[in-house]
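# with the input below, show me the fold.
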Amino acid sequence: MTQTAKFSPGIGLDVGTSRLVAARKTEQGFRYETQLNAFINVPFSRVTQGALRKEGIPYIVDDSGIWIHGNDSQRFADLLNTEVRRPMLGGVLNAGEPESVRVISEILKTLTGNAGPTPQNVCFSIPAAPLSTEANLTWHDATLKQMLTDMGYRVKSINEGLAVVYSELEDSNYTGIGISCGGGLCNICFAYLSVPILSFAVPKAGDFIDASAAAVAGARANRVRIIKEDGFKINGHYANKIHQVLGVYYDDMIRTLVSSLNEGFRNATTLPNIGRPIPLVLSGGTSLPQGFKDRFESVLQESRFPVAISEIRLAEEPLSATAKGCLMAAVSEM
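Now for the predicted structure:
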């Protein structure tokens, strides 16, 4: 990994269920690197190991075979007609996956490398608890902090929705609602002058859409995810069964998100009286299909949301908004 400490005093990490994104600031602007948060095991052979090394595909070798991790794991899983394995589930480290800690540590090293001689700050995203629950994030947070500390970084975590506020709402002086629609969760944060007032998560997100559509269409979730990311649009006109089923479950997910937004804000007792409408920004990989923002806006308007909204927009770069906000926290707060 080429060191960029001369230009960037910190690294922002979006630690998502589906993808890990690293953000750095260089002389040319922001730079982002992304790896799929997944892996697959293939049988060991020296020929395979040499071929992977020649192609620059990251892997681990142990007694059970070769562990291909990151972006190329999805392609191998599709070719082998199997599912990728996931180090994270529902926004946190997957306690049911025995290799989760080992593999995510390797993916993080691919993105960040070890810290150089000049101390660098790393800020990474953590989810909020779902509504009406007491989710225990202690193990997830502490394990990631230890991984990054062992690499030589000074480490801090930040709420994922708040990172979106930092990234996208400078024009409103960091007042508004940031929503990150990821793989395991949709994270919501309402902030006033950058102070988080209300944060919570919704457990219906990209993985829910993939698994539900796969069950109906008789396909693997990995294959559905590839199709979804290859030009799927939310427009009511679908070319095949998988697109039609994806449309159904996207609509279900958006309605659940809006219902949870209403529940969270209607039941909140500490909302400030701002006196003006506030912006709402959508980000994350699940928000990428064309038509997502329009469908969300339509459902929110139907719901009579209790807070006046000045605008609803997509983040400038939905996939990297959380990482950019984490970078801002790493640079300015640590």
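# quick one: the strands in the stretch 201-334 of the chain?
Listed in chain order, the strands found in the stretch 201-334 of the chain under DSSP state E, counting those that start in this stretch are 278-283, 309-314.
# now the stretch 1-150 of the chain, which segments are flagged as low pLDDT?
Scanning the stretch 1-150 of the chain with the threshold set as pLDDT under 70 gives 1-8, 134-135.
# show me the helices in it, by range?
Taking DSSP state H, counting those that start in this stretch as the test, the helices found in the stretch 1-150 of the chain are 46-55, 71-79, 100-112, 138-150.
# still on that earlier bit, want to throw the strands of the stretch 201-334 of the chain into TSV with distance to F44?
C-betas here are computed from N, CA, C, even on glycine. Converted to TSV, the strands of the stretch 201-334 of the chain look like this (distance: least, Cβ to Cβ, whole Å):
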stretch	distance to F44
strand 278-283	40
strand 309-314	44
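# for those, give me TSV that also has mean pLDDT, distance to V248 and mean neighbour count.
Supplementary listing: the strands of the stretch 201-334 of the chain in TSV, determined by pLDDT from 0 to 100; distance: least, Cβ to Cβ, whole Å; neighbours: other Cβ atoms under 10 Å:
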stretch	mean pLDDT	distance to V248	mean neighbour count
strand 278-283	98	20	24
strand 309-314	97	22	14
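# out of the helices of the stretch 1-150 of the chain, the one nearest V245 is which?
The closest approach between V245 and any of these, judged by Cβ to Cβ, belongs to helix 71-79 at 18.5 Å.
# ok, and for that closest one, which residues are buried?
Neighbour-count burial for helix 71-79, with 16 or more other Cβ atoms under 10 Å as criterion, is recorded at N71, D72, S73, Q74, R75, F76, A77, D78.
# which of those sits closest to N222?
Taking Cβ to Cβ as the measure, A77 is the one of the buried residues of helix 71-79 closest to N222, at 5.0 Å.
# same question for the biggest helix by length in the chain, mean pLDDT?
Taking DSSP state H as the assignment, the helix of the chain that covers the most residues is helix 241-267. Across helix 241-267, the average pLDDT comes to 95.
# and that helix, what's buried?
Residues of helix 241-267 classed as buried under the neighbour-count rule (16+ other Cβ under 10 Å) are 242-243, 245-247, 249-250, 253-258, 260-262, 264-265.
# next one: that helix to chain centre, how far?
For helix 241-267, the gap between its own C-alpha mean and the chain's C-alpha mean amounts to 18 Å (Cα atoms, centre = their mean, to the nearest Å).
# residues touching F30, list them.
For F30, the contacting residues are A23, R24, S320, K324, L327, taking Cβ atoms under 8 Å, 6 or more residues apart in numbering as the criterion.
# let's see if you can find the most crowded of those.
Each of the contacts of F30 was scored for neighbours by other Cβ atoms under 10 Å, and L327 scores highest at 31 neighbours.
# so what's that one closest to, chain neighbours aside?
Counting by Cβ to Cβ, 6 or more residues apart in numbering, G12 is the residue found nearest to L327 once chain neighbours are left out, at 2.9 Å.
# of the buried residues of helix 71-79, closest to S157?
Lowest distance from S157 to the buried residues of helix 71-79 (Cβ to Cβ) belongs to N71, with 24.4 Å.
# need the contact partners of stretch 222-240.
74, 77-78, 82-84, 206, 209-210, 213-214, 217, 242-244, 246-247, 250-251, 285, 288-292, 294-295.
# what's the angle from the helix or strand in which A163 is found to strand 278-283?
Using DSSP states H and E, A163 falls within helix 160-168. Going by axes from the mean of the first three to the mean of the last three Cα atoms, to 10 degrees, helix 160-168 is angled at 100 degrees with respect to strand 278-283.
# helix 160-168 packs against which elements?
Helix 160-168 sits against strand 10-15, strand 121-126, strand 176-181, strand 186-192, strand 195-202, strand 278-283, helix 321-333, with contacts defined as 3 or more Cβ pairs under 8 Å, 6 or more residues apart in numbering; DSSP states H and E.
# how about the fifth one: buried residues?
Translated: strand 195-202. Within strand 195-202, the residues scored as buried using 16+ other Cβ under 10 Å are P196, L198, S199, F200, A201, V202.
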